[in-house]
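> My questions are about this predicted structure, shown below with the sequence.
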Amino acid sequence: MSINIAKFGGTSVANIEAMRHCAQIVINNPATRVVVVSAAAGVTNYLVQLASEELTSDQKETILGKIETIEFAILTGLETPSPVSIKLNELLSLLRELAFHEEILHRPDLKDAILSLGERMSSLLFAELLCQMGCEAENFDARNVIKTDSEFGEAEPDIALIGEQAGKLMKPELSRCVLVTQGFIGSDCNDNTTTLGRGGSDYTAALLAEALNAATCEIWTDVIGVYTTDPRITDKARPLPELSFEEAAEMATFGAKVLHPATMVPAVRKNIRVFVGSSREPNKGGTWISRDCEHEPHYRAITRRKDQVLVTVKTPNMLFASGFLQEVFSILANQHLSVDLVTTSEIAVSLTIDNPSNSVRSTLNQETIGRLKEISEVTVEQGYDLITVVGNNMHSAAGVSSKIFAAVKDFNLRLICYGANPHNISFLVKEKDSTNVVKALHQDLFEQEQMPSHSVGFKRHQHANHG
Ligand code: ADP
Ligand code: ASP
Ligand code: MG
């Protein structure tokens, strides 16, 4: 049996009406045997506040009240709320206990425990809604399958163990019922609850698709597919009918929030087609992401990643010294910091680090800077955004980069990365310029001719390199 995994994001499960659209999508496709849900919109942000801010009891009560209002509104929207109300109240009691735990601000394991509750509540309610709409469904605890390391807040999944657990605990149930499980959460070898990083429900869906040999994985969200750029930046952005795995992976890595950065990794490993569409408007179609996509345009999309930090390390010792870069990178690697752009000169190296303010853990800290200062002079500059143009054969086709640089000629580009990869050209710009940079690029790359997105390019199959 070829199965489908359907994931519904926060706005898709924000209230009972939104949930009904999702339930109908599940019911309409008998191949959907596993449903992955996010926390209702806003809930995870409230949970992050409870887990990481110094709050008075009154402030905690206010936040708990807001979460309860969201969850109870969904509960009372069910035809017969009673079967799940006891379980929901148990989860809300646990939430209160954790919120008032005296070590909540200092124990990452407690943070992840509290963060997991949004998904645990929404999956409970969504499973009940599906049952009430006539679909055989059960709530399933993802923590029994999504086994991870103990890096709380950004846990790394154990692919082999996930495959084993999914085969043992999920597969045998799929002919009997639809399993409704939580995105974003997992557990370590001691059964402590862990989380995969913000936006991680997409990743959960892809991991389960891989583990269960699914043919497709659907990401249902609040937009009708992946767009040429974030539709919140410009209303000229338009949905793309298709994307290749490589393009989607680049877009996710470089800031297209519609997909968690790691989503494509399991899909690529198992050649699983991924669909992105709107749960409110499923009839409008969406984006299909696959290995064999029809066309490979030079320019496919523009992404933006905010909150980038530019670190420059400078030392005269770098002149002719081998091992300096290795030392710099090993300091960063020890802190699990990933570097995107690097430029070097004779005595200095500049690099960019992703430092998102809503991240569960703080990425660039004083300890790291201190260690870099032991070996070099260090400058840290904040307030940059990373802009990436995603496409194909960008480094080998004449004129591709000049069109991009012509579009942004009025802006100061701080750092440029070009040629390392055929699928992207990235540069760093001041935060205040970034919206205009994206708009200018979008205009020149996508708004000049009213042609379908695949018109600039060629068929992938004509390429000898692609099988
Ligand atoms: P969900 O809660 O369903 O996971 P997200 O908010 O995480 O939804 O992702 C959907 C949002 O991603 C959209 O509302 C849109 O603003 C943003 N986004 C950023 N880049 C893109 C893009 N290239 N295409 C579509 N949406 C994008
Ligand atoms: N609820 C989590 C978050 O808001 C995970 C997700 O929505 O994908 O980050
Ligand atoms: Mg998301």
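Arrived safely, thanks for sending. Ligands and ions are numbered 1, 2, ... in the order given.
> near ligand 3, which residues of the stretch 51-200 of the chain show up?
residue 199 (Cβ under 5 Å from the ion). To be clear about C-beta, it is placed using only N, CA and C from the backbone, and glycine gets the same treatment.
> Quick check, the residue in the stretch 51-200 of the chain closest to ligand 1?
residue 199 (5.2 Å; Cβ to the nearest ligand atom).
> so that residue makes contact with residue 260?
Yes - counting by Cβ atoms under 8 Å, residue 199 touches residue 260, with 4.4 Å between them.
> Next up, the contacts around whichever residue of the stretch 1-150 of the chain sits closest to ligand 1.
Going by Cβ to the nearest ligand atom, ligand 1 is nearest to residue 9 of the stretch 1-150 of the chain, at 1.8 Å. Neighbour list for residue 9: 38, 201, 202, 219, 220, 221, 222, 279 [criterion: Cβ atoms under 8 Å, 6 or more residues apart in numbering].
> State the phi and psi torsions of it.
Main-chain torsions, residue 9, degrees, to the nearest 10: phi -80, psi -180.
> so where's the stretch 301-450 of the chain uncertain?
Applying pLDDT under 70 to the stretch 301-450 of the chain flags residues 318-321, 356-363, 449-450.
> Show me which residues of the stretch 201-350 of the chain sit near ligand 2.
Contact residues (Cβ under 6 Å from any ligand atom) of the stretch 201-350 of the chain with ligand 2: residue 201.
> Contacts for the helix or strand encompassing residue 333, please.
In this assignment (DSSP states H and E), residue 333 forms part of helix 324-334. Contacts to helix 324-334, defined as Cβ under 8 Å, 6+ apart, come from residues 313, 315, 317-318, 338-339, 344, 349, 351, 353, 368, 371-372, 375-376.
> Which pair of those residues spans the longest distance?
Between any two of those, the greatest separation by Cβ to Cβ is 25.2 Å, found for 317 and 338.
> which one's the longest helix in this protein?
helix 57-77 (DSSP state H).
> What helices and strands are in contact with it?
helix 16-28, helix 43-52, helix 82-99, helix 117-132 (3 or more Cβ pairs under 8 Å, 6 or more residues apart in numbering; DSSP states H and E).
> Now render these as CSV, adding mean neighbour count.
CSV is the format used below for the helices and strands packed on helix 57-77 (neighbours: other Cβ atoms under 10 Å):
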stretch, mean neighbour count
helix 16-28, 18
helix 43-52, 20
helix 82-99, 16
helix 117-132, 25
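> Next, format the ones you listed as JSON lines and append distance to residue 269 and mean pLDDT.
JSON lines is the format used below for these (distance: least, Cβ to Cβ, whole Å; pLDDT from 0 to 100):
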{"stretch": "helix 16-28", "distance to residue 269": "25", "mean pLDDT": "98"}
{"stretch": "helix 43-52", "distance to residue 269": "27", "mean pLDDT": "97"}
{"stretch": "helix 82-99", "distance to residue 269": "34", "mean pLDDT": "96"}
{"stretch": "helix 117-132", "distance to residue 269": "24", "mean pLDDT": "98"}
